[in-house]
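[1] sequence first, then the predicted structure, then my questions.
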Amino acid sequence: MKFLIVTADDFGLHLAVNRAVEQAAREGVLTAASLMMGAPATADAVQRARGLPGLAVGLHLVLADGWSVLPRRSIPALVDDQGRFGNNMVRDGVRFFVLPAVRRQLEAEIRAQFQAFAETGLPLDHVNAHKHFHLHPTLLEMLLRIGAEFGAPAVRLPREPAWGANGSIAGPAVAGLLSPWLAIMRRRLRAARIAHNDYVFGMSGSGSMDEARLLEILARLPDGVTEIYLHPAVESGAAIAASMSGYRHTEELAALLSPRVRAAVAACGATSGSFRQLATALAAELRAA
C-alpha cells in the first residue's frame, strides 16, 4: 500500500507563499498545507484556505526563526523586542530542557498557537514544527499533551530515507544522528495513538524540491505513508525571508504544477490524501481490535 501526502510548509509566511499554495491546490498536486499562526500573512492564508475545501490544513508550530502568537511580555525568555524567536536551536533546546520558567512560557506559547488555529474554524489535519523542532523531547511532550486537548489527529515524523539526500554526503550522517530521536518519537506517537507518516522527503532538499527531484522520488516511492513537503511561492529567496536566501521557491511551485509530476503521481500507485484520512483509518483499526 502506498499513500502520498504533498504538503506546503510556511503557509501564512508571505502573500507570495499564500498565492502559490492556492494555485498548487487548485491546479497542481498539493494536498495539504502547514499554517504558521503568528506570521505576517496568516489572516490572508486562512481566508484562502476557507475557499479551498480540498486542501487539508495543519498547524506549523513556530518556536524558532519566526513570530510568536503571545506578546513579548508574556514570554520574555523566548522572543526579542519584535516578537521573534531566535535561530540558535541548540542553545534554546538546552534551555527548554533545564529551565522550568522557560518551559512554562514555552507551554503557554504552544497552547496559544493551537488556540489560534482552533479559532480559524479550519479542521486540524496535522501538526508539525518549523525546522522540525518537535524532535526535541520536551517540545514533543507538550505538542502531544496540548494537541490532545485540541483533537490533533496526526504529527509529521521527520524520517527521510538516506537515498533521499540526492547525493549529499551529509544525508546519511544526518540520518544517523537523528535515528535515536526518531525512534523515541515514533514510540511516543504510537503510544499516544497519533497517526504519522512512515517517510518524509524535503529535509535534505529544502528549498530545492524542483520537478526533477519530485520525479525521482515518485519513481522510487516506498510502500507505506510518504509525505513530500515543499516551500512554494511566486517569488524566491530573500524576498520571502532573509533565512531563505538560497531557496528556489518558484521552482518548487512549478514542480507542483508540472504535468509530468501529475502524471508521475498518477502512475506511482499511491493514493493521495491527507493526514486526517490516516487518523480516521487508525481510529477504525483501534475500534476493531
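    Everything's here; your move. From a predicted model like this one, the values you see are computed outputs, not experimental measurements. Numbers count the residues shown, from 1 in each chain.
[2] quick one: the helices in the stretch 51-200 of the chain?
    Along the stretch 51-200 of the chain, counting by DSSP state H, counting those that start in this stretch, helices occupy 89-98, 100-120, 137-149, 170-191.
[3] how about those in a markdown table, adding mean pLDDT, distance to G273 and mean neighbour count?
    Where you see a C-beta, it was placed from the backbone N, CA and C, and this is true even at glycine. Output for the helices of the stretch 51-200 of the chain, formatted as a markdown table (pLDDT from 0 to 100; distance: least, CB to CB, whole Å; neighbours: other CB atoms under 10 Å):
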| stretch | mean pLDDT | distance to G273 | mean neighbour count |
| --- | --- | --- | --- |
| helix 89-98 | 90 | 31 | 15 |
| helix 100-120 | 97 | 20 | 18 |
| helix 137-149 | 96 | 20 | 18 |
| helix 170-191 | 78 | 19 | 14 |
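[4] out of the ones you listed, which gets nearest to I5?
    Relative to I5, the nearest member of those by CB to CB is helix 170-191, separated by 15.6 Å.
[5] how much space between the spatially most central residue of the chain and R262?
    Centroid-nearest residue in the chain: N128, 4.5 Å away (criterion: CA atoms, centre = their mean). To R262, N128 is 25 Å away according to CB to CB, to the nearest Å.
[6] over to R193?
    For R193 relative to R262 (CB to CB), the value is 34 Å.
[7] can I get stretch 221-228 in CSV, CA atoms only?
    Taking C-alpha atoms only, stretch 221-228 is exported to CSV below (Å, rounded to 0.1, in the frame of the first residue of the first chain):
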residue,chain,number,x,y,z
LEU,A,221,8.2,5.9,-3.8
PRO,A,222,8.3,3.3,-1.0
ASP,A,223,5.4,1.3,0.4
GLY,A,224,3.7,2.9,3.3
VAL,A,225,2.8,6.5,4.0
THR,A,226,5.0,9.1,2.5
GLU,A,227,4.9,12.9,2.9
ILE,A,228,6.7,15.2,0.4
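[8] list the buried residues of it.
    Across stretch 221-228, burial judged by 16 or more other CB atoms under 10 Å covers 221, 225-228.
[9] who's in contact with S68?
    S68 makes contact with 38, 62, 75, 78-79, 83-85, 109, 112, according to CB atoms under 8 Å, 6 or more residues apart in numbering.
[10] H14: what's its closest spatial neighbour, skipping adjacent residues?
    I240 (4.9 Å; CB to CB, 6 or more residues apart in numbering).
[11] from what I see, the residue nearest to the centre of the chain and V62 are in contact.
    No: between N128 and V62 there is no contact under CB atoms under 8 Å: 10.6 Å.
[12] before we move on, the earlier item: in TSV: the buried residues of stretch 221-228, plus secondary structure, distance to M89 and pLDDT.
    Formatted as TSV, these follow (DSSP: H, G, I helix; E, B strand; the rest coil; distance: CB to CB, whole Å; pLDDT from 0 to 100):
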residue	secondary structure	distance to M89	pLDDT
L221	coil	30	97
V225	strand	27	96
T226	strand	26	97
E227	strand	22	98
I228	strand	24	98
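[13] quick one: which of those residues is nearest to V94?
    Nearest to V94 among the buried residues of stretch 221-228: E227, at 28.9 Å, using CB to CB.
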